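> pasting the sequence and the predicted model now:
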Amino acid sequence: MRLRNSIFWRLILLFIILTACTSPEKQSATLLIYGGPIYTVDTIQSTVEAVATKDNKILYAGSLEDAEKYKDDQTQLIDLEGKTMTPGLIEGHGHFMGLGYNELNLDLMNTTSYQEIVDAVAKAVEKAEPGEWITGRGWHQSKWTEMPSDTVNGFQTHYRLSEVSPDNPVYLGHASGHAGFANAAAMDIAGLQVLPKDGVNKFEVEGGEVMRDQLGRPTGIFNERAQGLITKHIPESTPEKDAKAFELAVAACHRNGITGFHDAGIGRKTITLYEEMKAADKMKVRMYVMVTGRDKELLSEWYQKGPFIDPGHLVTIRSVKLNCDGALGSRGAWLLEPYTDRPGHFGLETLPMAFVKETALNGLQHGFQVCSHAIGDRANREILDRYEIAFDELPDLATDHRFRIEHAQHLHPDDIPRFAQLGVIPAMQAVHLSSDRPWAIDRLGEQRIKEGAYMWQALLQSGIPIVNGTDVPVEPLDPIASLYSSVSRKTLKGTPEGGYEPEQKMTREQALRSYTLDAAYGAFEEDIKGSITVGKLADFTIYSQDLMRVAEEEFLSTEIAMTIFDGKVVYDKDE
């Protein structure tokens, strides 16, 4: 027995000695990046000299000297040559296929007058067949430099548009997506040109508004859910056009340094398209999908199946999107007090609050995050109330719910601390301030603007992170513009001096985090992306200049120099 024990321990000792003397095989990097400022958004080391990756994961982040130990003859080298790198940017709230279709249809984002819209449609009519629908999106009457003389409730009327398109139905979406503009041909198809007689009034839509003039005639403006009166007649897109729009959206993301995208509300058809694109190895953006709450049958199916957490981190489906009010530009945002520039009008509740509570309870029971669109202070309060009821009813399931409110633009001061108290994440698109603040004061008045509009720093100081983004195609996808707005609170023309309500500015570190690690947190993905940390996915954005140090007046001149997705260069401006 003693002999056997002696042999056993000698073998153990020999194994230990051999193991100690044998160096583990050093992993080789497939990619080594160095030569410029690298901001990691990692709490342990905020900046590093170099990053090494192995396939699609981060292998090392630290000094260049140590990083070079992972280099071999097969390692691809990227010298930043003074450029700056951060984790890959995440669009925290956008509409992916809307981005693609904006490049296929009429893009009215930069129009500055009604006449420009009329001219754009007239050109489209020249190329269209009689009867063919002409569609587009992006106009915003509050951003025009001049208004037509014949307006109703601050909106243009359809007559000039109809004159240039007598044989083509036209429907042009408002930039916000919460209103649309139709010509006479489109309204004829929908049966809306004739004044209502006895019986059903087609002009009355729950949660929507068909705008009419003093004689009761439709002006062509369809607000919120009333848009469906027109859009249900627009022919569905073809699979070929869908695929083209998808590819254009991917390319746009790469040009803008976007490696992750929170798609805010899609239906069955788009989910199927994403599955097909993933199977065809064309999903080159990490998609975090919100299932639309407009399709209750689809929601029921997903509740039964449960969330899909993609092991490949390409298409994850674990949240629900609810549309609970409208936009401020179309006066559809649901307010506690009337609009300053439209007395007696409070906006629109576009979804029954009972359904918000029902969805919140279903989300907790079935493992789905709930993301509710709310712009007005009434909508935000009502949703927080319904969330709180659900949390109180199912406390054991509400420990890490990460429910969100999308936009959270205008809050009553009493509701600002409730986000942190309830653990509700505000997903706020900073660039909306640059676009909307000059005219938003007309809608809300000075007091409401100063006490509750775009309250970024107040929310951050309360202890809740903010998910940033652009709401593309409501705004261009450009993250540089949204980051600039975050830190300056100015229009993109650099006004006013000092910014609007400057005490609510984000620091540059907060702004970068809102586009990376906090955006990842808003999708339960902070363990796999959002910072340059060993083991996380190798997604990076490279800029022409240092976002943390460049002078504010030069910030908007920053360009995306390169985008790296899954450890591979997918965009290089120089090429």
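Yep, that arrived. All values derive from a computational prediction rather than experimental measurement. Residues are numbered from 1 along each chain as shown.
> which other helices and strands contact the helix or strand hosting His93?
His93 belongs to strand 89-94 when assigned by DSSP states H and E. Contacts defined by 3 or more C-beta pairs under 8 Å, 6 or more residues apart in numbering; DSSP states H and E place strand 89-94 against strand 258-266, helix 517-521. Glycine gets a C-beta too; all of them are placed from N, C-alpha and C.
> which element follows the longest one toward the C-terminus?
By that I understand strand 258-266. helix 268-279.
> which residues sit against that next one?
With contact meaning C-beta atoms under 8 Å, 6 or more residues apart in numbering, helix 268-279 is reached by 97, 242-243, 246, 263, 266, 283, 287, 289, 291, 295, 298, 312, 314-315, 317.
> among those residues, which two are most distant?
Spatial extent of these (C-beta to C-beta) is set by the pair Asp295 and Gly312 at 25.8 Å.
> one step back: deepest of the helices and strands packed on strand 89-94, which one?
strand 258-266 (a mean of 26; mean count of other C-beta atoms under 10 Å).
> in contact with the residue nearest to Thr151 when sequence neighbours are not counted, which residues?
In space, and not counting its chain neighbours, Thr151 is closest to Thr157: 7.1 Å by C-beta to C-beta, 6 or more residues apart in numbering. Going by C-beta under 8 Å, 6+ apart, Thr157 touches 148, 150-151, 213, 219-220.
> same check, this time on Pro307
316-318, 366-368.
> and these, which are buried?
316-318, 366, 368 (16 or more other C-beta atoms under 10 Å).
> save those residues as CSV, and put in secondary structure and pLDDT too.
Conversion of those to CSV gives the following (DSSP: H, G, I helix; E, B strand; the rest coil; pLDDT from 0 to 100):
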residue, secondary structure, pLDDT
Thr316, strand, 98
Ile317, strand, 98
Arg318, strand, 98
His366, helix, 98
Phe368, coil, 98
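> show me what contacts the residue nearest the centre of the chain?
Using C-alpha atoms, centre = their mean, the residue of the chain that lies closest to the mean C-alpha position is His93, 1.6 Å off. Counting by C-beta under 8 Å, 6+ apart, His93 touches 262, 264, 406-407, 427, 429, 467, 469-471.
> excluding its backbone neighbours, what's nearest it?
Nearest one to His93, counting by C-beta to C-beta, 6+ apart, is Gly469 at 4.2 Å.
> go on, Tyr521?
Leaving aside its chain neighbours, Tyr521 sits nearest to Pro465 (5.8 Å; criterion: C-beta to C-beta, 6+ apart).
> my guess is the one you found contacts Ile425. True?
Yes - counting by C-beta atoms under 8 Å, Pro465 touches Ile425, with 6.4 Å between them.
> which of these two has more neighbours?
More crowded of Pro465 and Ile425, by other C-beta atoms under 10 Å: Ile425, with 28 against 23.
> and that one, bridged to which residues?
Beta-bridge partners for Ile425, by DSSP bridges, are Arg404.
> show me what contacts it?
402-405, 419, 464-467, 521-522.
> closest to Leu348 among those?
Nearest to Leu348 among the contacts of Ile425 is Ile405, at 17.0 Å by C-beta to C-beta.
> excluding covalently adjacent residues, which one is nearest to that closest one?
Per C-beta to C-beta, 6+ apart, closest to Ile405 is Ala374, 5.2 Å.
> again with Gly347
Using C-beta to C-beta, 6+ apart, the closest residue to Gly347 is Trp334 (4.2 Å).
> test for you: state the pLDDT assigned to the one you found.
pLDDT recorded at Trp334 is 97.
> measure it to Leu517 for me?
According to C-beta to C-beta, to the nearest Å, Trp334 and Leu517 sit 32 Å apart.
> without its sequence neighbours, what residue ends up closest to Ala458?
Closest to Ala458 by C-beta to C-beta, 6+ apart is Ile416, at 5.3 Å.
> tally of neighbours for that neighbour?
20.
> isn't Ala185 right next to Leu161, touching?
No - using C-beta under 8 Å, Ala185 makes no contact with Leu161, being 9.9 Å away.
> cool, thanks, signing off.
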